[in-house]
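> Here is my input; please provide its structure:
(chains A, B, C and D, ligands or ions: 6)
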Amino acid sequence: MTGRTWSLWNREFDSPVILASGTAGFGFELMDMGYLDGVAAVISKATTLRPRKGNPPPRIVETRFGLLNSVGLANPGVEEVVTRILPEASALPVPLIVNVAGETEQEFASVVEMLEKSPVPFGYEINVSCPNVSEGGVAFGASPSTVERVSRLVGQTSSRPFSVKLTPNEGSITESALAAQEGGAGAVTVCNTFLGMTVDWRTGMIPLERKVGGYSSPALLPLTVARVHITCQAVDIPVLASGGVSRPEDVLELLAAGASMVQVGTWLMRRPGSGAELRDGVLELLEDVSP
Amino acid sequence: MTGRTWSLWNREFDSPVILASGTAGFGFELMDMGYLDGVAAVISKATTLRPRKGNPPPRIVETRFGLLNSVGLANPGVEEVVTRILPEASALPVPLIVNVAGETEQEFASVVEMLEKSPVPFGYEINVSCPNVSEGGVAFGASPSTVERVSRLVGQTSSRPFSVKLTPNEGSITESALAAQEGGAGAVTVCNTFLGMTVDWRTGMIPLERKVGGYSSPALLPLTVARVHITCQAVDIPVLASGGVSRPEDVLELLAAGASMVQVGTWLMRRPGSGAELRDGVLELLEDVSP
Amino acid sequence: MTRDRETLVLEREELSPGIFSLTLSAGEDFLREAGPGRFVQVEVSPGPFPLVRRPFTVNRTDAGSFRIVFEVKGRGTDELSHLTEGARLRVLGPLGSGYRLLPGRWLLIGGGMGAAGFPCLADRIDCGLVLLGASSASRLLEVGGFSSMCATEDGSRGARGLVTDLLDRVRWDDFSNVALCGPVAMMKAVAGRLPDAILEVTQVSAEARMGCGWGACEGCSIPASGGGYLKCCSDGPVVPATSIDWDLWEGV
Amino acid sequence: MTRDRETLVLEREELSPGIFSLTLSAGEDFLREAGPGRFVQVEVSPGPFPLVRRPFTVNRTDAGSFRIVFEVKGRGTDELSHLTEGARLRVLGPLGSGYRLLPGRWLLIGGGMGAAGFPCLADRIDCGLVLLGASSASRLLEVGGFSSMCATEDGSRGARGLVTDLLDRVRWDDFSNVALCGPVAMMKAVAGRLPDAILEVTQVSAEARMGCGWGACEGCSIPASGGGYLKCCSDGPVVPATSIDWDLWEGV
Ligand SMILES: Cc1cc2nc3c(=O)[nH]c(=O)nc-3n(C[C@H](O)[C@H](O)[C@H](O)COP(=O)(O)OP(=O)(O)OC[C@H]3O[C@@H](n4cnc5c(N)ncnc54)[C@H](O)[C@@H]3O)c2cc1C
Ligand SMILES: Cc1cc2nc3c(=O)[nH]c(=O)nc-3n(C[C@H](O)[C@H](O)[C@H](O)COP(=O)(O)OP(=O)(O)OC[C@H]3O[C@@H](n4cnc5c(N)ncnc54)[C@H](O)[C@@H]3O)c2cc1C
Ligand SMILES: Cc1cc2nc3c(=O)[nH]c(=O)nc-3n(C[C@H](O)[C@H](O)[C@H](O)COP(=O)(O)O)c2cc1C
Ligand SMILES: Cc1cc2nc3c(=O)[nH]c(=O)nc-3n(C[C@H](O)[C@H](O)[C@H](O)COP(=O)(O)O)c2cc1C
Ligand code: FES
Ligand code: FES
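Ligands and ions are numbered 1, 2, ... in the order given. Sure thing, here's the model as predicted:
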């Protein structure tokens, strides 16, 4: 193994792999299975001001070459997160970034304000791009002025760095990234899932209650590579890549496109040992190139 | 075979399959090979005011699960199209829709004005969404006011119906669709390719000269299904689906999502006989359901 | 311990048309924890598609191996059915919480593949009676060695009809525990006809479309009686019948 | 006629490590038109990925069959190399415009797999001399029965060096036609050293990454000497050397 490191927010990591929000819980299950090796940081499931039940089932529908999800930010609410979950999370062997969602601009700041009471979070990921909610989702994150105001509000409330997670579905990702930077974000995450849908042509039935869900697939990697590249051209803050990673080569490609760190989501659901699998693969490939 | 038909612009077709712009030329090669059976209409390669050489090679780069293209609207210019190509195209056994691109709002209308001199086109597809050009491409098509003005200009110039081909890469597809409808479009095409990129992590080399290209893949079908569905909710004009079709089931799914007709592009390059293959498959599946 | 392991296909059997069993190699640590009602997440293909794993109940454990039994439903189960002896298969497990092995006499009610977990269970409890339903005789899963009654829709074995039709013949006082597993529609029908006191002691092995299978993605929700949702994969798959909101639950 | 046909793999041979030939069934209509320099688009996998076909020159035609010869470069050629006799393979062709079979003596210059189309050609012309280059002897493609010289980079056969090194030995006056095919870098080097009068009578079999292969997608562009681009698949693959802008052409 080389002594290679990757860094984010003044911290060095011996892996570029971050676990994406919504696919790793708060990291406890992976810790219990011994699968946090190779993981630089865990990003939690979205946390909102009030508890959210989430969307009715089915929430996961697999298509021929990808996955539709419509979880709808199911979470116990920030109070429960601060009082019950984060204290336990101090046992995690890796930093925890808390993913934050809200229905109004102010709500993002309110959630962060509560989270500030806990010593545990390493930083935040501000999710202005959830495809599976009516308020605070795609259209919200597509407005640069909204993104800038949310970033500013969060920045004023937070002592910690934060990344703004952008949507590829509406607006302009570079304009939103610039707005986040302008508002004081310490990074942007590029990006959330793409709107997707499936319908059974025989019956006309659309399995997801909200019809449209978030689509993820290894086949979307080139879409993420492009968006990471153009975002890196536009902003100076770190870009965290998210979307389509399933192999060490994919991690390296996103890093080559300019990402500072790389998230893995859907593939983690398939391979809970992704942290070590990807980190080891990355180091091996790098060693092959410059031994 | 059933007597099932699909219709567009007051014309009935015994197939829902249209050949997508840029993947069928003007239809001559397919005619020569005998592969226009099952094809409802051919959409031509983009036509611009002046001849365009197109982008330097490579223009086609295959990734693990899809194709990047950066053709850049290579075409001989509208004059050549009107004087040399369209007269020959009157021999095509199927209607020809001419895809039109431009660098300014006025240019779209100028191209259409020239095309009006030919009796051949069945209609036009106004391409405000090419990912592979600097002017008149993605950012252009992302602005509803631009889309509306272009539609109005084209409508004033044209005696024929036209579809506006939208971009999934920026802005809001429903707002653009509404703007096209407001401007007098007779349909919208949902949608053009997604921005994509690949980079060789070993060398840092990005194969496409313009770095980012248009990405297409059968794995993107759910993205098209979603965009067709939400567009159909928003507008009253026909929606022509484009993106991800490789099987008869895909055609039926897009029709179930609300599309009036369905285009096939990348898969046509793989299977020049797609017209009959998809049409026959669709009819067979429909027969299975309601014999 | 729950781990992602590469197993070896030791045996493959086609039990009846479209129903297969795979016997997979397993170590002591797996087998010790693979109690009744727990499940595994199987990587059905070496390539990336199908993208997520498929859940299967542990049907039986033996020295050095365990077995899953499944019906071909779609892509994933089709791929699995083509594996041959000696093939390698990635299996994550054991997962979920299984049956609480309470004392007292048990009644097992299974529909179709729902009975796949019963052999494992029946051996570890005081199993009084097994009720089984399926579309036809060939789709009934055996739970050998125990008193049983069955119903088939085509009448090819046991009573002609549904497993619910067998409920009238049950002397409820004989049982202090019930295990219920099958298609959601069948479980709803059964639950609707169980005496209240019996519903209280019924453990349901639930089904949901799964993402991860290990509690992280919130994908496998089942409407809970108290409002909100249970996670099938970690609150369950085996949950008290009373914890489910039977009206809202529509199945997979 | 150019059609998309299902062929049968009649024979598969590993000519040398990583270089394979496939003999594929073909009908009269195909064989009649599959002249020297024309190519086929092969569907390398029954599934959708790799997404587009791969182009291969017709290496030889026989009664009821034709042959392609290829080197494993990536995913597509790897898949092809694993086909076995009896497999079915979808092949579109014959495509493109081949060599103009002009009278007069020919010189053939081939690098690596570039020589794959020469056997087909040499039989139909007055072939005076064949110059071949490759990295080593095992990678030289035979063009049997004709006078030839070769160069290998490791010196394992013929002269040690590049095919360009052989050019000095050519008596240009002997030839009225040249066929040139190989990696773009090799062809650029050769073209740069051909006497002007010879360049005028040189036909180049060009390479480009292809989309459709049948002229529709504008994907296979090669810089043209007059400005703009040639389409490799339909203007070519065989084009006059003078029609290419050699400075701009960088290869695939
Ligand atoms: C905890 C648990 C244990 C299970 N144990 C068994 C078992 O022992 N034997 C057995 O035969 N089956 C079992 N199932 C069901 C089995 O997982 C599904 O039949 C299988 O995932 C279908 O995969 P597929 O790719 O073949 O079908 P797909 O092509 O994915 O889908 C075909 C159809 O199967 C159904 N389906 C899809 N995913 C699931 C899912 N996760 N759960 C239930 N139904 C689904 C849907 O109705 C779908 O339309 C279990 C399910 C769960 C949740
Ligand atoms: C008209 C024509 C005729 C050809 N005839 C032969 C032949 O007879 N025998 C033979 O071995 N090869 C021939 N080639 C080259 C052959 O098509 C490629 O080697 C093949 O497509 C690579 O496919 P792959 O999936 O294995 O490689 P990929 O994984 O797609 O790519 C691997 C590398 O191969 C190169 N490559 C990719 N696509 C092409 C392409 N279309 N043309 C050239 N290089 C490419 C690139 O450098 C790429 O990095 C011909 C090419 C053309 C255009
Ligand atoms: C089941 C599921 C749940 C998700 N939940 C969240 C979430 O709560 N917050 C968020 O910001 N992103 C969420 N995402 C998006 C992922 O974090 C990630 O950005 C996306 O899936 C693309 O990456 P991938 O291709 O690696 O999965 C979710 C994705 C999935 C598949
Ligand atoms: C090689 C190539 C060239 C294309 N050229 C054009 C074009 O000139 N004009 C246009 O509107 N769309 C063009 N497109 C987009 C297609 O028409 C189609 O909308 C897109 O590829 C998605 O459909 P598909 O998945 O069926 O390929 C091109 C696509 C490809 C792959
Ligand atoms: S399947 Fe992921 S939480 Fe249950
Ligand atoms: S490969 Fe499509 S035009 Fe040549």
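
> ends of stretch C:159-173, how far apart?
Using C-alpha to C-alpha, to the nearest Å, one end of stretch C:159-173 lies 23 Å from the other.

> how about that stretch: buried residues?
With burial defined by 16 or more other C-beta atoms under 10 Å in any protein chain shown, the residues of stretch C:159-173 counted as buried are C:162, C:163, C:164, C:166, C:167, C:170. Quick note: C-beta positions are derived from backbone N, CA and C, even for glycine.

> residues in contact with the first one?
Contact partners of residue C:162, counting by C-beta atoms under 8 Å, 6 or more residues apart in numbering or on different chains, are C:133, C:151, C:153, C:186, C:189.

> could you redo the last one with a cut-off of 7 Å?
Each residue near residue C:162 by C-beta atoms under 7 Å, 6 or more residues apart in numbering or on different chains is listed here: C:133, C:151, C:153.

> Filter the residues you listed down to the ones in strands?
C:133, C:151 (DSSP state E).

> Now that we have the contacts of residue C:162, which of them are buried?
C:133, C:151.

> Take the contacts of residue C:162 and lay them out in CSV including pLDDT and distance to residue B:179.
Formatted as CSV, those follow (pLDDT from 0 to 100; distance: C-beta to C-beta, whole Å):
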residue, pLDDT, distance to residue B:179
C:133, 93, 57
C:151, 92, 61
C:153, 91, 56
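
> Kindly report the residues of the stretch 101-250 of chain A close to chain C.
Within the stretch 101-250 of chain A, the positions near chain C by C-beta under 7 Å from any C-beta of the partner chain are A:217, A:218, A:246.

> quick check, nearest of the residues you listed to ligand 1?
residue A:217 (15.2 Å; C-beta to the nearest ligand atom).

> Hmm, residue B:219 and the closest one touching each other?
Yes. Using C-beta atoms under 7 Å, residue A:217 is in contact with residue B:219, at 5.4 Å.

> what's the overlap in contacts for those two?
In terms of C-beta under 7 Å, 6+ apart, residue A:217 and residue B:219 are both contacted by the residues A:65, A:66.

> Comparing the two, which residue is more hemmed in?
residue A:217 (31 against 26; other C-beta atoms under 10 Å in any protein chain shown).

> Next up, the contacts around the more buried one.
Per C-beta under 7 Å, 6+ apart, neighbours of residue A:217: A:65, A:66, A:67, A:244, B:219, C:51.

> What sits closest to it if chain neighbours are left out?
residue A:66 (3.0 Å; C-beta to C-beta, 6 or more residues apart in numbering or on different chains).

> Share the number of residues neighbouring the one you found, please.
For residue A:66, using other C-beta under 10 Å, the count is 28.

> Give me the pLDDT for it.
Residue A:66 is assigned 98 on the pLDDT scale.

> same deal with residue C:103?
On the pLDDT scale, residue C:103 gets 96.

> Can you convert the contacts of residue C:162 into CSV and add a column each for distance to residue C:110?
Output for those, formatted as CSV (distance: C-beta to C-beta, whole Å):
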residue, distance to residue C:110
C:133, 7
C:151, 11
C:153, 15
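
> Now do the helices for chain A: every range, in order, please.
A:28-33, A:78-80, A:86-89, A:105-115, A:138-141, A:144-157, A:173-182, A:221-234, A:248-256, A:266-270, A:274-289 (DSSP state H).

> Would you format those helices as CSV with distance to residue A:60, mean pLDDT and mean neighbour count included?
Compiled in CSV, the helices of chain A are given as follows (distance: least, C-beta to C-beta, whole Å; pLDDT from 0 to 100; neighbours: other C-beta atoms under 10 Å in any protein chain shown):
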stretch, distance to residue A:60, mean pLDDT, mean neighbour count
helix A:28-33, 17, 97, 19
helix A:78-80, 24, 97, 18
helix A:86-89, 25, 97, 17
helix A:105-115, 25, 96, 21
helix A:138-141, 19, 82, 24
helix A:144-157, 28, 96, 20
helix A:173-182, 26, 97, 24
helix A:221-234, 21, 98, 25
helix A:248-256, 22, 98, 23
helix A:266-270, 9, 98, 27
helix A:274-289, 18, 96, 19
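
> got the phi/psi numbers for residue 10?
Defaulting to chain A. Here is the backbone geometry of residue A:10 (degrees, to the nearest 10): phi 60, psi 20.

> other chain: chain C
Per degrees, to the nearest 10, the backbone of residue C:10 is at phi -90, psi -30.
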